[in-house]
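*Asks:* sequence plus predicted model, see below.
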2 protein chains.
Amino acid sequence: MVLPRAARTQRRTRIQEEKEELILEAALDVFATHGFRGSTIDQIADVAGMSKPNLLYYFRTKEAMHRALIDRVLDSWLDPLREFDAEGNPVSEIRSYIRRKLEMARDFPRESRLFANEILQGAPHIEDELKGPLKTLVDEKAEVIRAWAKAGKIAKCDPYHLIFAIWSTTQHYADFDVQVRGVLGEGRSGEGRFEDAARFLEQLFVTGLSADGSAS
Amino acid sequence: MVLPRAARTQRRTRIQEEKEELILEAALDVFATHGFRGSTIDQIADVAGMSKPNLLYYFRTKEAMHRALIDRVLDSWLDPLREFDAEGNPVSEIRSYIRRKLEMARDFPRESRLFANEILQGAPHIEDELKGPLKTLVDEKAEVIRAWAKAGKIAKCDPYHLIFAIWSTTQHYADFDVQVRGVLGEGRSGEGRFEDAARFLEQLFVTGLSADGSAS
DNA sequence: GTAATGTTTTACCAACCGGTCAAATTATCA
DNA sequence: TGATAATTTGACCGGTTGGTAAAACATTAC
């Protein structure tokens, strides 16, 4: 019978696993560079090396592909923040959070751009996740930071804006890679660039948040 | 005669001025939220309140509209960096650069998103500008910062990454506005949010770059 | 082996897209 | 006012887009 994939109950064949993987990989490529509306199914099919109807056999719509991709990636994307440990040493926690985020920007730039595109364009497909799970997690970690500041372990500062600053500075190296490369020139090549960035950001945040800092 | 606009020599009628303005305004709206490929001429025409052929009378292609928009916006976008003054007081120069960038993110979010979309998608239309005028300007200002650091007026740090950090943290409030609002909730509304951000960022960068900071 | 199920392809469709054309309409100015 | 140029419109075109239908083909289970 021709039971389009969406109607599957629980069992998935070997081919399904493989092909879905292949498709999502291709979709990540395409969505990350063109955004949802700018991407075409044909393009994705092409990258995946299969025909369009074949692709649509596994994901019935473009939206379904996008959604599957978001779902799969969002979770791992938030891992670094989850690891943020209330019991650890504040400075080294922040330092290693920065480093982990920077490593993700280096190793998973497509994932970063996927979200960047989505949010830039108004987050039409992930608004719920933003206001739900993401907000909850951030609220929780912000509370940890606030407690650290209150205890005088780091400078008093708005924890939310601290988190935004870490997000933006690190993801910048994935999302705006072309610009970074354009400005730096081809001199500072791949690996060195990330080391420079890491050194700078750690200095900025560690010094910037040293306990003697003032401001509300 | 039917002289399509592109063939104009120098004189432009009042109507041309008005309509081109109207179109670019609409185009900014659309391009900023959907990126180049995700935007359609019909959409822009719709926002501008005119028919598609009429719109194409003023800009012969979608690319021409995009280009005109980029050209008009890029210059003013770099103004804050140009104002960066080598003779001024380092700390207050950096502080006011941050504030100006933040004001631009607040007052011209569409312009910010226009560039963000463009760069995120590989900067296919502005690569030359990145490697040309932008790089030149950044190189120049980086040299100023390097001199300040060498003179011990601010901490030693990589000036390029400092500039990237200021760009990313400030533009974040325009480009990722949905996320910021989603995470903060509707509590901290518009004006207050930017004040909080400004306070945090000034603290971060001023403290983070205080002359006693170490690291290469 | 064969029947049932799972996968892939070919051909196709309606809507949309960027863009053209010629005719109709409106503004300008002598 | 009328001629001339500038602007706007509706009808249209070929290519692309997201998606479908049905049949051909492959795989698995018995």
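*Replies:* All right, it came through fine.

*Asks:* so what secondary structure elements neighbour the lowest-mean-pLDDT helix or strand in chain A?
*Replies:* For chain A, counting by mean pLDDT, DSSP states H and E, helix A:127-129 ranks last in confidence among helices and strands (a mean of 90). Applying 3 or more C-beta pairs under 8 Å, 6 or more residues apart in numbering or on different chains; DSSP states H and E, one finds that helix A:127-129 contacts no other helix or strand. Quick note: C-beta positions are derived from backbone N, CA and C, even for glycine.

*Asks:* which outside residues touch it?
*Replies:* A:70, A:74, B:178, B:182 (C-beta atoms under 8 Å, 6 or more residues apart in numbering or on different chains).

*Asks:* scan these and report the most crowded one.
*Replies:* residue B:182 (22 neighbours; other C-beta atoms under 10 Å in any protein chain shown).

*Asks:* and it, what is it in contact with?
*Replies:* So residue B:182 contacts A:123, A:127, A:130-131, A:134-135 (C-beta under 8 Å, 6+ apart).

*Asks:* confidence score at it?
*Replies:* At residue B:182, the model reports a pLDDT of 94.

*Asks:* kindly report the same for residue A:38.
*Replies:* 95.

*Asks:* for it, which non-adjacent residue is spatially closest?
*Replies:* residue B:37 (3.4 Å; C-beta to C-beta, 6 or more residues apart in numbering or on different chains).

*Asks:* and residue A:145, by the same measure?
*Replies:* residue A:159 (3.7 Å).

*Asks:* give the contact list for residue A:23.
*Replies:* Counted by C-beta under 8 Å, 6+ apart, residue A:23 has contacts A:44, A:48, A:50, A:55, A:58-59, A:65.

*Asks:* with secondary structure added, can I get the residues you listed in CSV?
*Replies:* Below are the contacts of residue A:23 laid out as CSV (DSSP: H, G, I helix; E, B strand; the rest coil):
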residue, secondary structure
A:44, helix
A:48, helix
A:50, coil
A:55, helix
A:58, helix
A:59, coil
A:65, helix
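
*Asks:* quick one: which of those residues is most hemmed in?
*Replies:* For the contacts of residue A:23, neighbours tallied by other C-beta under 10 Å; top is residue A:65, 26 neighbours.

*Asks:* mind listing what residue A:106 touches?
*Replies:* Here residue A:106 is in contact with A:173-174, A:194 (C-beta under 8 Å, 6+ apart).

*Asks:* one more time with 7 Å, if that's ok
*Replies:* Applying C-beta atoms under 7 Å, 6 or more residues apart in numbering or on different chains to residue A:106 gives the contacts A:173, A:194.

*Asks:* looking at it now. What's its pLDDT?
*Replies:* Looking at residue A:106 specifically, the model assigns a pLDDT of 96.

*Asks:* so what does it have for phi and psi?
*Replies:* phi -80, psi -40 (degrees, to the nearest 10).
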